[in-house]
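[1] requesting a structural model of the entry that follows:
(one chain, ligands or ions: 1)
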Amino acid sequence: MLNIDIDDNSGFCFGVTTAIRKAEEELKKGNRLYCLGDIVHNSIECERLKRLGLTTIDHAQYRELHNTKVLLRAHGEPPTTYAIAKENNLELIDATCPVVLKLQQRIKKKWEETEGHNRQIVIYGQAGHAEVLGLVGQTDGEAIVIESVEQIENIDPQKDTYIYSQTTKSKEGYSHVVAAIKEYVSKERICESFNSVCGQVANRMNDIGNFAKAHQLVFFVCGKKSSNGKILYNECRSKNPNVHQIESPDELDFSLTQGVESIGICGATSTPKWLMENCKEAIINNHNNKKNEE
Ligand code: SF4
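    Presented below is the predicted three-dimensional model:
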């Protein structure tokens, strides 16, 4: 008897859900709508929205646009994006996630408050990631981004240091980096860290680990570009080596399901529920076809 569960806690976080809802509402009105960057790190969901009329553009194309509507996705944008909108008469539908927006404001405030002091802001995150670019933008581009303890030498130990994390990093990874920076920065200087990991990701860590442990075989459905996807996938793998990442049902390896009685399907905050359901359906169809052949 084959049992297949979809993890209740996997799927879009509220930031992504809101951005997609805003896009759908606008598209329903029949209006042309551009989105600056992929609305979600999931190519299949992006394709679905493209079919509804959403046009994804990059920053170079954005600079050339005039007199139209542009949606800003949950990751947020640096101040330059808003300045361009003003110059080019662009109407923004700002779907920046409130958690990211609050973090941008906190960083901007700290940067402005400490102006004139010998200070630096450090962001633990993925260099070049859209959210990180938005955060760095709050500091006139001056914040130092580090991805791991190995990059600690990019930080000046003789400056007051204020540390923040990209919202989708793991709490453990952040604590590790913060501890190393506090050791590294001169004891004569201020060195403060702020909790900025998003609860939507942090709270899923335990749950998803338990879910992975509870199944013989797990398919982790997630786009390759998802930052929290990497973290949640690694958490699953640490609890169950029989976890396999796929982007869509087309990538399912049915040979893995042979002789297995319990299969789990889970994903990241950028994975649509309907995609996990399609995976479940594909496994059931394959299972039934096999039985009919027997
Ligand atoms: S993971 Fe958290 S911060 Fe990022 S979009 Fe979702 S709710 Fe917002």
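[2] tell me the residues of the stretch 51-200 of the chain that contact the ligand?
    With C-beta under 6 Å from any ligand atom as the criterion, the stretch 51-200 of the chain meets the ligand at residues 74, 97, 99-100, 167-168, 198, 200. C-beta coordinates here come from the backbone N, C-alpha and C atoms, glycine included.
[3] filter the residues you listed down to the ones in helices?
    Secondary structure defined by DSSP state H assigns 99-100, 200 of those to helices.
[4] first to last residue in stretch 50-70, what's the distance?
    With C-alpha to C-alpha, to the nearest Å as the measure, the ends of stretch 50-70 fall 14 Å from one another.
[5] nope, stretch 234-248 is what I was after
    Span of stretch 234-248 from end to end, C-alpha to C-alpha: 19 Å.
[6] please enumerate the strands of the protein.
    Taking DSSP state E as the criterion, the chain carries its strands at 3-6, 33-36, 54-57, 69-72, 91-94, 119-124, 144-146, 160-165, 191-193, 217-221, 243-246, 262-267.
[7] list of residues touching the fourth one?
    Contacts to strand 69-72, defined as C-beta atoms under 8 Å, 6 or more residues apart in numbering, come from residues 19, 22-23, 26, 31-36, 39, 54, 57, 62, 81, 85, 90-96.
[8] also the second one?
    Taking contacts as C-beta under 8 Å, 6+ apart, the residues outside strand 33-36 that touch it are 23, 26-27, 49, 53-59, 62, 65, 68-73, 77, 81, 93.
[9] repeat that with 10 Å
    With contact meaning C-beta atoms under 10 Å, 6 or more residues apart in numbering, strand 33-36 is reached by 19, 22-27, 46, 49-50, 52-59, 61-62, 65, 68-73, 75, 77, 81, 84-85, 90, 92-93, 95, 130.
[10] would you convert the residues of the stretch 51-200 of the chain next to the ligand into JSON lines that also reports neighbour count, distance to N228 and pLDDT?
    Output for those, formatted as JSON lines (neighbours: other C-beta atoms under 10 Å; distance: C-beta to C-beta, whole Å; pLDDT from 0 to 100):
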{"residue": "A74", "neighbour count": "28", "distance to N228": "12", "pLDDT": "95"}
{"residue": "C97", "neighbour count": "23", "distance to N228": "12", "pLDDT": "96"}
{"residue": "V99", "neighbour count": "20", "distance to N228": "12", "pLDDT": "96"}
{"residue": "V100", "neighbour count": "24", "distance to N228": "13", "pLDDT": "97"}
{"residue": "T167", "neighbour count": "28", "distance to N228": "9", "pLDDT": "94"}
{"residue": "T168", "neighbour count": "29", "distance to N228": "4", "pLDDT": "89"}
{"residue": "C198", "neighbour count": "22", "distance to N228": "8", "pLDDT": "91"}
{"residue": "Q200", "neighbour count": "19", "distance to N228": "8", "pLDDT": "80"}
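[11] most packed of the strands of the chain?
    For these, the stretch with the most neighbours on average is strand 217-221, a mean of 26; neighbours defined as mean count of other C-beta atoms under 10 Å.
[12] for P79, the count of nearby residues, please.
    Residues lying near P79 (other C-beta atoms under 10 Å) number 13.
[13] skip the chain neighbours and tell me the closest residue to it.
    In space, not counting the residues next to it along the chain, P79 is nearest to G137; the distance is 5.5 Å by C-beta to C-beta, 6 or more residues apart in numbering.
[14] for the ligand, what is the nearest residue in the stretch 101-250 of the chain?
    Of all residues in the stretch 101-250 of the chain, C198 sits closest to the ligand, with a separation of 3.2 Å (C-beta to the nearest ligand atom).
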